[in-house]
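Enquirer: pasting a predicted model and its sequence here:
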Amino acid sequence: MFKRSIKWILPFAILGVAAGGFMLVEQTAPEIEDQKQVDTVPRVKTQILKAENHQVQISSFGEVVPLERTALSTQVSGEVTSWHPNFVAGGVVKRGEILFTIEKDNYQAAVLQAQAQLAQAQAALIEERAKAKVAERQAKKIKDTQVSDLYLRIPQVLSAEASVKSAQAALRRANRDLANCEVEAPYDALVVSRSIGVGQYITSGAQVAELNNIESAEVMVPIAGFDAPFLPDNIVGVKADVISKGRTNSVRDGVIMRDLGVVDSATRMANLVIRIKDPYALTTDAKPLPFGSYVEVVFNGKQIPNLFKVPQELVTDERVWVVDQEDKLVPKSVHVLREEQANFFIDSGVKTGDELVLTVPEFPQIGMSVIRSNSNSEVLVNQGEASE
């Protein structure tokens with residue numbers, strides 16, 4: 001009987017002890033502080049906009065090409081007796097250097113012959129002039145008689161003078177032909193090809209080599225339609241930087257020489273030509289710009305007043321966010337006049353003093369309250385200029 005009573009009482013006793021323990025723990029446990037309220041107002045960084053004058057920079061790309069190409073030919077015929085060591089494909093020769101020589105014997109003989117003919121003609125002229133003077137004295141002794149030009153030997157003197165001039169011309173031709181036996185470089189040149197060798201007989205007018213002028217080079221660059229309105233009013237003579245990019249960038253001075261004056265029918269772009277002096281750096285320590293190099297050309301365009309410089313990532317659908325005096329977000333529709341590198345240049349939609357939001361909330365809303373995280377907003381344009 002006693003065991004049966006214990007069996008029924010024991011579960012209730014356990015429950016009572018558990019309940020008492022729970023109440024004891026609850027009474028002795030430290031009080032939990034109220035959870036702090038989470039601040040849901042977004043924090044943003046801002047900067048004050050300021051309008052500034054902007055110097056437009058225009059850039060384009062093009063290929064370095066020779067200013068001048070020459071298909072070199074001879075003016076005399078003969079056998080090639082020698083040629084310059086650098087007169088090979090890829091060789092560089094200086095202006096006035098002798099590229100190759102043609103056998104001179106026949107042309108030296110022609111000069112001697114022309115000199116002899118000139119001497120004979122001059123002697124004949126002296127003789128005729130002397131005879132003319134004698135005839136003139138005799139004619140003065142004849143009175144009341146008309147004396148003809150033939151008697152005075154005027155035609156003979158004119159003929160002798162013409163013979164002298166002809167002989168002088170023949171001597172000049174002979175000297176020129178002799179000089180042309182030594183073919184000189186017409187300018188500082190890169191030899192593209194050569195088609196002659198020692199012992200080869202060449203005829204007058206035959207093409208013997210191809211040369212590229214390396215005293216100057218040109219780069220033709222296309223100008224996109226969005227850049228065209230910002231070109232200087234007088235483009236000729238504007239200085240440009242010609243940039244060759246590689247492991248280290250090289251910058252050479254260039255000058256805009258001309259506008260080709262037509263719009264390319266395929267690209268619908270205008271084209272400018274930039275001149276570079278000494279592209280192969282024969283007279284300087286600059287990095288050479290070989291023909292065929294692909295380079296960037298950068299030059300100043302117009303200067304535009306009252307523009308706002310804004311990073312591109314802050315402009316979405318031609319709209320930026322600003323903070324008003326009540327610390328609320330306000331969208332501003334803007335007009336982007338120009339894009340350069342990572343910046344937009346805005347000419348309307350915002351004004352000097354507007355506080356541009358640099359860290360836009362993930363889901364911005366009109367009138368959303370924000371907290372400025374920067375204590376003193378800096379002028380945006382100044383930061384942009386400092387980073388440059």
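Expert: Yes, it's here. Numbers count the residues shown, from 1 in each chain.

Enquirer: could you confirm Leu118 falls within a strand?
Expert: No. Counting by DSSP: H, G, I helix; E, B strand; the rest coil, Leu118 is located in no strand; its state is helix.

Enquirer: who does the strand or helix carrying Gln57 touch, helix- and strand-wise?
Expert: If you go by DSSP states H and E, Gln57 is part of strand 52-66. Here strand 52-66 touches strand 216-223, strand 270-277, strand 294-311, strand 335-340, going by 3 or more CB pairs under 8 Å, 6 or more residues apart in numbering; DSSP states H and E. Where C-beta positions appear, they are placed from N, C-alpha and C, glycine not excepted.

Enquirer: closest to Val350 out of those strands?
Expert: strand 294-311 (5.7 Å; CB to CB).

Enquirer: in its sheet, what does the closest one sit against?
Expert: strand 52-66 (antiparallel), strand 239-244 (antiparallel), strand 343-348 (antiparallel) (DSSP bridges).

Enquirer: span of stretch 324-340 from start to end?
Expert: This stretch, stretch 324-340, spans 28 Å end to end (CA to CA, to the nearest Å).

Enquirer: hang on, Ile274 packs against Arg252?
Expert: No. Contact criterion CB atoms under 8 Å: Ile274 and Arg252 do not qualify, at 10.0 Å.

Enquirer: wait, Ala217 sits on Glu68?
Expert: No. In this structure, Ala217 is not within contact of Glu68 by CB under 8 Å, at 9.6 Å.

Enquirer: who has more neighbours, these two?
Expert: With neighbours defined as other CB atoms under 10 Å, Ala217 and Glu68 compare such that Ala217 has more, 26 against 15.

Enquirer: quick one, what contacts the more buried one?
Expert: Contact analysis of Ala217 by CB atoms under 8 Å, 6 or more residues apart in numbering lists Val64, Val65, Pro66, Leu67, Arg275, Ile276, Pro279, Leu289, Phe291.

Enquirer: repeat that for Arg252.
Expert: By CB under 8 Å, 6+ apart, the neighbours of Arg252 are Asp241, Val242, Ile243, Ser244, Ile276, Pro279, Ala286, Lys287, Leu289.

Enquirer: what bridges to the residue positioned nearest the centre of the chain?
Expert: Nearest to the mean C-alpha position of the chain, by CA atoms, centre = their mean, lies Val297 at 3.4 Å. Under DSSP bridges, the beta-bridge partners of Val297 are Ser60, Val242.
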